[in-house]
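A.B. asks: Mind looking at a prediction? Sequence and model below.
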Amino acid sequence: MRTCKKYFLLLVAVPCFAVLFIVLGSGTGHGGQYRARYSWEKDTLVCVMGNNFYDYYLYRSEPAGFQLEIIRAFAKAFRCPYRIDVLPSFEQRQEALAGQQADIMICSRRELREYMLEERATAGFLLPDSSAWVVDATRTEMIKLLGQWMSQFRQSKDFKAHRKKYYTVTSSNKERTRYSSLSPYDTLIKKYAKKIHWDWRLLASLICQESRFNPSSQSRRGACGLMQLMPQTAEGFGILDIENPESNLLAGVKYLQYVIKYLQLDEASETDRLKFILAAYNAGIGRIRDCRAFAGSQGKDPDKWDEVAAVIPLMRHETHYLGDVIQLGYFKGAETLAYVHNVWERYEHYLNLVEP
């Protein structure tokens, strides 16, 4: 028992109280302004947690939750992508952290006490909603930066807004099972996702991005329906009634099949292939061909989305688009980059929260 108390005092209580001391004693930190770079052992920050009506759930088909908001803020501050793995069992979360499959484990204070009684070498950071972020104590640099960031972020307007927003959520301790549906059109989405061999949740994320599942949605440019198709595009595939949800889905999937055929992505990985297809759905096949060709001219791999995405911002500069590589000229690209990021991020949340 003395050993357990010693571990708790040195590895949990001291870091936690140090964080609390900085939070209460400092009046100059602002979480929104804090920026730092950290040499991650992995390319992506991985957080393991459960999901419930407070921490991580869906609201109007979009991911939401108090812990999700903080994870996003932390990943943004350190300029790194993040991933959430939902592991319902606390034992599974412990194993992921101990085996370094996860960088951060999010748990309750009760679970943290249980964890420490097993004499785990851990540093914990307490949050005011009776939860804790837990990091392996051997990762000293991460613990230091996390402590600095957390102390400042807790004083920020963003943190106070998140706390106020989610403290009004009822049944916060009730465990949530995975959602069985996203929209009234799930059956149709599943039907047509099979035609392009997609997980239906990816097609659902695209539709959510395009229309928020509103079949009456219409853009300023004249795009209509669930998949926001231009009438002339649908007519090209022999479909006239795009106000009908099923016809709209059929036309959208036919266009995706056309994109898949003409992008020629045989050498790309499955993830990269899907991201290029999403980009082409937003910007057009010709634009994405330009992007890939330009990436190749810059010494990047045209079959890797991240490498192509890294050079797309350069395509707005005249010195680049006046050459022979970029056929369609000036391309700002920011909208397309955000589109792919948002659709894919939502899809990853759907994988966690929505049944297959």
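C.D. replies: Done, it's in.
A.B. asks: Would you verify that Ile106 is located in a helix?
C.D. replies: No: counting by DSSP: H, G, I helix; E, B strand; the rest coil, Ile106 is located in no helix; its state is strand.
A.B. asks: Excluding sequence neighbours, find me the nearest residue to it.
C.D. replies: Met49 (3.9 Å; Cβ to Cβ, 6 or more residues apart in numbering). From N, CA and C alone the C-beta is placed, and that goes for glycine too.
A.B. asks: Backbone dihedrals for the one you found, please?
C.D. replies: phi -160, psi 170 (degrees, to the nearest 10).
A.B. asks: Renumber starting at 13 from here on
C.D. replies: Okay, residue one is now 13; in that scheme the one you just asked about reads as Met61.
A.B. asks: Please look at it and Phe78 and confirm they touch.
C.D. replies: No: using Cβ atoms under 8 Å, Met61 makes no contact with Phe78, being 11.0 Å away.
A.B. asks: tell me, what's touching these two both at once?
C.D. replies: Common contacts of Met61 and Phe78, defined by Cβ atoms under 8 Å, 6 or more residues apart in numbering, comprise Asp67.
A.B. asks: quick revisit: list the residues that contact the residue nearest to Ile118.
C.D. replies: Neighbours of Met61 in contact, by Cβ under 8 Å, 6+ apart: 67-68, 79, 96-99, 105, 117-119.
A.B. asks: The residue nearest to Tyr351 when sequence neighbours are not counted: which element?
C.D. replies: Of all residues not flanking Tyr351 in the chain, Asn294 sits nearest, at 4.3 Å (Cβ to Cβ, 6+ apart). Element membership for Asn294, per DSSP states H and E: helix 282-295.
A.B. asks: which of the residues in that helix are buried?
C.D. replies: Going by neighbour count (16 or more other Cβ atoms under 10 Å), the buried part of helix 282-295 is 284-295.
A.B. asks: Check stretch 209-221 too.
C.D. replies: By 16+ other Cβ under 10 Å, the buried positions in stretch 209-221 come out as 210, 212-221.
A.B. asks: Now do it: everything it contacts.
C.D. replies: For stretch 209-221, contacts defined as Cβ under 8 Å, 6+ apart pick out 73-74, 194-195, 197-198, 201-202, 204-206, 208, 225, 238-239, 265, 286, 290, 293, 351, 354-356, 358-359, 362-363, 366, 368.
A.B. asks: re earlier: and which of the buried residues of stretch 209-221 is nearest Arg301?
C.D. replies: Taking Cβ to Cβ as the measure, Arg301 lies nearest Leu218 of the buried residues of stretch 209-221, at 20.3 Å.
A.B. asks: mind checking how far the closest one is from Leu261?
C.D. replies: 11 Å (Cβ to Cβ, to the nearest Å).
A.B. asks: shared neighbours of these two, which are they?
C.D. replies: Common neighbours of Leu218 and Leu261 (Cβ under 8 Å, 6+ apart) are Met239.
A.B. asks: where in this protein is pLDDT low?
C.D. replies: The chain contains residues with pLDDT under 70 at 13-54, 130-134, 180-189, 333-334.
A.B. asks: domain ranges for it?
C.D. replies: Domain assignment for the chain by automatic domain parsing gives 14-178, 198-365.
A.B. asks: export the ones you listed to TSV and tack on distance to Arg190?
C.D. replies: Output for the domains of the chain, formatted as TSV (distance: least, Cβ to Cβ, whole Å):
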stretch	distance to Arg190
domain 14-178	8
domain 198-365	6
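A.B. asks: quick one, what contacts Ile300?
C.D. replies: Counting by Cβ under 8 Å, 6+ apart, Ile300 makes contact with 275, 288, 291-292.
A.B. asks: so who does the residue lying closest to it once chain neighbours are set aside touch?
C.D. replies: Excluding its sequence neighbours, the residue lying closest to Ile300 (Cβ to Cβ, 6+ apart) is Ala292, at 4.4 Å. Residues near Ala292 by Cβ under 8 Å, 6+ apart: 271, 275, 299-300.
A.B. asks: one more time with 7 Å, if that's ok
C.D. replies: The contact partners of Ala292, taken as Cβ atoms under 7 Å, 6 or more residues apart in numbering, are 271, 275, 300.
A.B. asks: where's the last one relative to Ser223, distance?
C.D. replies: It stands for Ile300. Taken as Cβ to Cβ, the span from Ile300 to Ser223 is 22 Å.
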